[in-house]
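Q: model this:
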Amino acid sequence: MGEKVTMFIPKYNITNQILKNVGIVEAAREIIMNAPLVPAWEAKFRKEAMERTVHHGTHLEGNPLSEEEVKDVLDGQEVIARDRDIQEILNYRNVLKFIDGIQIQIGTSGNYNFTLETILEIHRLTTEKIMPPESAGNFRVRQVVVRNTKTGQISYTPPPAVEVPYLVEDLVNWINSDEAKAMHPIIKAGIIHYELARIHPFVDGNGRVARAVATLVMFLDGYDIRKFFSFEEYFDENPMDYYLTLQAVSNQLVLDTHERDITPWLEYFTQGVAIELNRVKEKVQRISTDVMIKDRLGEQVALNERQMAIMEYLHRHKSMMNKDFRKIFPDYSDDTVLRELKFLKQKGLVKKIGGTKKATYVLK
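A: Model prediction:
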């Protein structure tokens, strides 16, 4: 009798809900990928998506820092908080940098060979200076349980530690298989996220690792969508839904783990990506400024942060008066704001109605 070779085979159905979500994703992706954006906007959107990913990705796991505090930490400002909480923020940013580095190295052809070491390195970066060095980047060697933080009850018992290396290796082989290569990247990312959360390969940091690996695989399959998105925000808006959906699938009473039907999780996951990409699409469409600029001036104009904020305000509120300056720019003098408005007027983007004191500015 030879050794029993197990191969990870995800069991799921493509339901109408999943098809609808994937359709929304594709439509939004098309618009986002092809929107002509001034480089300054591109950089702003990427930075915001990174900040949202770091904030929501760590907040979901209990990090108490607010979105503003996270921005300050990432910008190198002084923030009064526990060292551990600050370290988690810096670590997750390093994880995202690591993912970017791999993508640049491999490209987005879909012809990558995914490795076990990548998962371990993502974990090491996630838990650096938080877990003892012998645990960071290494699989757990003991049994752990997942408890409901509210009730203290055990909500899920992951597989025994001895099985972890084989289960993860199985998953890595599946990621590199022809079946997975042929699959829609969003569905594949959802399956990978679920399986890593189920195996729970580490003592701590499993959720962040699962989401980071899912993101990386999407990127490698050409689904980086200009790095404008953060599906962590959707999970963090209702964390109970996130955990309960994962647990409901993992706690299905089946004889063999391959019998678990992960369809409900994939419906939930693809919906998250669809909602997030729709948000990004609407934002990108609102900033049609540069399309107007290009059409009118035949050139791209890079706006600075303050000029972008003015254009965004005018898109949203249709007009702006001197009394609105304080709302948008509490830290700048009226003269500074007037100087930015003068630049936008010269470029033919904004026009002024009325005299200086009672002036109203509108989009041209």
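
Q: What average pLDDT does the stretch of helix or strand residue 87 belongs to get?
A: Using DSSP states H and E, residue 87 sits in helix 83-106. In this model, helix 83-106 carries a mean pLDDT of 96.

Q: Could you tell me which residues within it count as buried?
A: 85-89, 91-96, 98-100, 102-103, 106 (16 or more other Cβ atoms under 10 Å). To be clear about C-beta, it is placed using only N, CA and C from the backbone, and glycine gets the same treatment.

Q: For the residue lying closest to residue 156 once chain neighbours are set aside, give me phi and psi.
A: Leaving aside its chain neighbours, residue 156 sits nearest to residue 146 (4.1 Å; criterion: Cβ to Cβ, 6 or more residues apart in numbering). Backbone torsions of residue 146, given as degrees, to the nearest 10, read phi -100, psi 120.

Q: show me what contacts residue 146?
A: 154-158, 200, 247 (Cβ atoms under 8 Å, 6 or more residues apart in numbering).

Q: can you check residue 231 too?
A: Neighbouring residues of residue 231 by Cβ under 8 Å, 6+ apart: 211, 215, 269, 272-273, 276.

Q: what's the spacing between residue 98 and residue 184?
A: Distance, residue 98 to residue 184, using Cβ to Cβ, to the nearest Å: 25 Å.

Q: same deal with residue 338?
A: 51 Å.

Q: what does the model give the residue nearest to residue 156 for pLDDT?
A: Residue 146 carries a pLDDT value of 86.

Q: Check residue 34 too.
A: pLDDT, residue 34: 87.

Q: Equivalent analysis for residue 315, please.
A: 78.

Q: what about dumping the CA coordinates of the one helix or strand it maps to to PDB?
A: Residue 315 is part of helix 305-317 when elements are defined by DSSP H and E. This file holds the C-alpha atoms of helix 305-317, laid out as PDB (Å, rounded to 0.1, in the frame of the first residue of the first chain):
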ATOM      1  CA  GLU A 305      -2.900  68.200  -2.900                       C
ATOM      2  CA  ARG A 306      -4.700  71.500  -2.200                       C
ATOM      3  CA  GLN A 307      -5.800  72.000  -5.800                       C
ATOM      4  CA  MET A 308      -7.100  68.400  -5.900                       C
ATOM      5  CA  ALA A 309      -9.000  69.100  -2.700                       C
ATOM      6  CA  ILE A 310     -10.600  72.200  -4.200                       C
ATOM      7  CA  MET A 311     -11.600  70.300  -7.400                       C
ATOM      8  CA  GLU A 312     -13.000  67.400  -5.300                       C
ATOM      9  CA  TYR A 313     -15.000  69.800  -3.200                       C
ATOM     10  CA  LEU A 314     -16.400  71.500  -6.300                       C
ATOM     11  CA  HIS A 315     -17.400  68.200  -7.900                       C
ATOM     12  CA  ARG A 316     -19.300  67.300  -4.700                       C
ATOM     13  CA  HIS A 317     -20.800  70.600  -3.700                       C
END
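
Q: Thank you kindly, that will do.
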